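[1] Sequence and predicted structure below; questions after.
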Amino acid sequence: MIETTSRTYLTSVEFDQVRHAAETYREDLVVSLAGLVGLRPAEITRVRLGDLREYRRDGTPWYLLYVREDDEAGENRTAYVPRDVAHDLQKFANGDGIDPDTPIFDVSARRIQMLVSAVSDRTTTERLQSVSSRDLRQGFAYRLLVEEAVHPRVVQAIGGWNSLDSLASFFETPSDTDILDACTGVDEREAAPTTTKTERQPADRQFVNRADDLVRCFETLGEHLEDASTHADVVTTSCTALVTCFAGVWFCDENGNPHERAGRATHSAATLRAALDETDALATLTRDEGDESTDIVVDESREDALCVVAVQSADTVHGYLCVTDRAFDATSRRALVDVGRRVGRTLVAVERKQLLLADTGVELTMQSTAHESMLVAASSRLDCRFELEGVVPVASGSLLHFVTISGASVRDVLDVVGDAEQVQDARLVRDYGEEALVELVVSGPALAVTMVETGGSVRALTVEDGVARITGVFSGHADVRGIVERFTTTFPDSHLHAKRDVDEPVQTTARVEHVVDEELTEKQRAVLRAAFLSGYFEWPRGSTAEELAASMDISSPTLHNHLRKAQQKVLAAVLSETS
């Protein structure tokens, strides 16, 4: 039986970590209403103290909240409110003198999202630093359904989901063992003779203190990954660390060809490849379904269950971890999905470091007339020229594009580009007369993004007369054929225009580049780059801190915090070099 897990959800412990990062009653209330009551950002903005109703059972007070569909209409649904959240809500409203019929949070839904983002930024766990209001609400449903076993129809009602089908992704597909356990009342794993357990799994790896074993395993993995300096080091380290917790581990490349192996060889290379083909695991893991894309595939129909997770960074798959064991519980699955992402990020970091330290690299120029690129389509329609100044990732998963335009009016460009499906927002940063700098919030395929995701450093991107040329520098070890195939798959009307070896003047800027690539956090690097590209450091400023924070979907204090820390590190590197 094939089982898929679409995504991971916040556990109770993780939610508590996010909540503890709140610094004010207001922040704590917003996080609690999203994660403990299941409200959407727009619903939080409409909460009134008069909507909170108290009920008593056996002398104990309990609270329900009438959730408004909009500002004018009456109740839409009834949500359950934990007592401590209800008391905090009453205390906050009364302390600020808010009338029972007045919204407690008189802000926009976007502001609620930014507040949650600011709180998650303060958490000490990297995975939790990108938690959104949607993640809090999804975690609310997961904990009720899976951890507390609340009836799905109750969860559907109090959370406002349209149908029970909306909650299906929160459940694991039951395995044969789960079905037998539920229908017979006998847990096969507990009833099986000790000899059978020993035959299938060593005694020191039985499912005792599983969570503790996983924690130790992944701590070891993290320590070893920090020291990895090559692709081979990362692959070997991953397999060696994971086999301390699982029966066998394979690392396969992005085409599913087995490379490294550790542990018991329950699958040969040929049988593993056959198993991957039979389960259609690779196609399942790489299909594009937005936030609902599958991260893990488990096949428990074999003597040793097979689990496959994608090794990926952002949307790029670098390979697959194929793990065998007796079975995979929910904790193991969530942990393996996290490992796949961690290993993927490490592979990208290693590739970047090799490019930084290399004396030579390869420069590739791709040419494209594909209208799948919004810039190509707009240039062809308006007969204008675009030049990309830079791309910056933001918390919502979108990418800020800073683009200089010439040959067309800003209004025409914003109207045409703004109609593109992948453009969420567009604004003018500065008008220079014959040229203008615009900012685009993009959440779809783009030429520069493809260049970065294939391991390149974008040197230039121009689009003129409907023809785009993008140049990037790659490590001398880069798979040129694979890079070109990735481009032509994403943008069909594309081809390799030029290729040449280049010498990189690394030593003169090694210290500064090391700080930017290795010492800045991902968010510090993104904020610093966005500030530079948007004209924040110019005089007069091209963008204010508030505009920049809104574009990046973070709060203004959070932006200033990341920006000042990034400036301090970079300036320290520059001044130490010049001295």
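    Here it is on my side, so go on. Since this is a predicted model, take the numbers as computed values, not measurements.
[2] all strands for the stretch 201-350 of the chain, in order.
    Assigned by DSSP state E, counting those that start in this stretch, the stretch 201-350 of the chain shows strands spanning 248-252, 258-263, 296-299, 305-313, 316-325.
[3] Mean neighbour count and mean pLDDT added to the ones you listed, as TSV?
    Heads up, the C-betas are built off the backbone N, CA and C, glycines and all. TSV is the format used below for the strands of the stretch 201-350 of the chain (neighbours: other CB atoms under 10 Å; pLDDT from 0 to 100):
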stretch	mean neighbour count	mean pLDDT
strand 248-252	23	87
strand 258-263	18	74
strand 296-299	24	84
strand 305-313	24	85
strand 316-325	24	84
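[4] among these, which is nearest Arg68?
    Evaluated with CB to CB, the strands of the stretch 201-350 of the chain place strand 296-299 nearest to Arg68, the distance being 38.0 Å.
[5] and that closest one, which strands flank it?
    strand 2-5 (antiparallel), strand 305-313 (antiparallel) (DSSP bridges).
[6] I would like the residues contacting the last one, please.
    Strand 305-313 is contacted by residues 251, 267, 275-276, 279, 281-282, 285-286, 295-299, 317-328, 332-333, 336-337, 339-341, 343-345, 347-348 when judged by CB atoms under 8 Å, 6 or more residues apart in numbering.
[7] ok and that strand relative to strand 248-252, angle-wise?
    With axes from the mean of the first three to the mean of the last three CA atoms, to 10 degrees defining the directions, strand 305-313 sits at 40 degrees from strand 248-252.
[8] Check which helices and strands the one helix or strand Val452 maps to sits against.
    Element membership of Val452, judged by DSSP states H and E, is helix 447-453. Applying 3 or more CB pairs under 8 Å, 6 or more residues apart in numbering; DSSP states H and E, we find helix 447-453 packed against strand 360-368, strand 385-393, strand 457-464, strand 467-475, helix 480-490.
[9] Mind doing that once more with 10 Å?
    If you count contacts as 3 or more CB pairs under 10 Å, 6 or more residues apart in numbering; DSSP states H and E, helix 447-453 packs onto strand 316-325, strand 360-368, helix 374-382, strand 385-393, strand 399-406, strand 457-464, strand 467-475, helix 480-490.
[10] Mind putting those into a markdown table with distance to Tyr55?
    Shown next, in a markdown table, are the helices and strands packed on helix 447-453 (distance: least, CB to CB, whole Å):
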| stretch | distance to Tyr55 |
| --- | --- |
| strand 316-325 | 47 |
| strand 360-368 | 63 |
| helix 374-382 | 54 |
| strand 385-393 | 47 |
| strand 399-406 | 48 |
| strand 457-464 | 60 |
| strand 467-475 | 62 |
| helix 480-490 | 56 |
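[11] what about these, which gets the closest to Asp121?
    strand 385-393 (14.5 Å).
[12] List the pairing partners of the closest one within its sheet, with orientation.
    strand 399-406 (antiparallel), strand 457-464 (antiparallel).
[13] Burial-wise, tell me which of those comes out on top.
    Mean neighbour count (mean count of other CB atoms under 10 Å) peaks for strand 399-406 among those, with a mean of 22.
[14] CA atoms of the helix or strand just after that strand as CSV?
    Using DSSP H and E, the helix or strand that directly follows strand 399-406 along the chain is helix 410-418. Output in CSV follows, covering the C-alpha atoms of helix 410-418 (Å, rounded to 0.1, in the frame of the first residue of the first chain):
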residue,chain,number,x,y,z
VAL,A,410,5.9,53.0,-16.3
ARG,A,411,2.1,52.8,-16.3
ASP,A,412,2.0,50.6,-19.4
VAL,A,413,4.6,48.3,-18.0
LEU,A,414,2.9,48.0,-14.6
ASP,A,415,-0.5,47.4,-16.3
VAL,A,416,0.9,44.6,-18.6
VAL,A,417,3.2,42.9,-16.1
GLY,A,418,0.6,43.3,-13.4
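[15] Enumerate the positions of helix 410-418 that are buried.
    Going by neighbour count (16 or more other CB atoms under 10 Å), the buried part of helix 410-418 is 410, 413-414, 416-417.
[16] Output the residues you listed in JSON lines, with distance to Gln424 and pLDDT appended to each entry.
    As requested, those are arranged in JSON lines below (distance: CB to CB, whole Å; pLDDT from 0 to 100):
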{"residue": "Val410", "distance to Gln424": "18", "pLDDT": "89"}
{"residue": "Val413", "distance to Gln424": "16", "pLDDT": "91"}
{"residue": "Leu414", "distance to Gln424": "13", "pLDDT": "89"}
{"residue": "Val416", "distance to Gln424": "15", "pLDDT": "89"}
{"residue": "Val417", "distance to Gln424": "11", "pLDDT": "86"}
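[17] now stretch 324-334: how far from the chain's centre is it?
    Distance, stretch centre to chain centre, for stretch 324-334: 22 Å (CA atoms, centre = their mean, to the nearest Å).
[18] what does stretch 271-282 give?
    Relative to its chain's centre, stretch 271-282 lies at 27 Å (CA atoms, centre = their mean).
[19] avg pLDDT for that stretch?
    For stretch 271-282, mean pLDDT is 76.
[20] Dump it to PDB, keeping only the CA atoms.
    Extracted in PDB, the C-alpha atoms of stretch 271-282 (Å, rounded to 0.1, in the frame of the first residue of the first chain):
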ATOM      1  CA  THR A 271      15.600  -3.900  -7.000                       C
ATOM      2  CA  LEU A 272      15.600  -0.400  -5.500                       C
ATOM      3  CA  ARG A 273      15.200   1.100  -8.900                       C
ATOM      4  CA  ALA A 274      12.400  -1.300  -9.700                       C
ATOM      5  CA  ALA A 275      10.700  -0.300  -6.400                       C
ATOM      6  CA  LEU A 276      10.900   3.400  -7.200                       C
ATOM      7  CA  ASP A 277       9.400   2.800 -10.600                       C
ATOM      8  CA  GLU A 278       6.700   0.500  -9.200                       C
ATOM      9  CA  THR A 279       5.600   3.100  -6.600                       C
ATOM     10  CA  ASP A 280       6.000   6.000  -9.000                       C
ATOM     11  CA  ALA A 281       7.700   7.800  -6.100                       C
ATOM     12  CA  LEU A 282       9.800  10.200  -8.100                       C
END
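[21] Buried ones in that stretch, by neighbour count?
    By 16+ other CB under 10 Å, the buried positions in stretch 271-282 come out as 272-273, 275-276, 279, 281-282.
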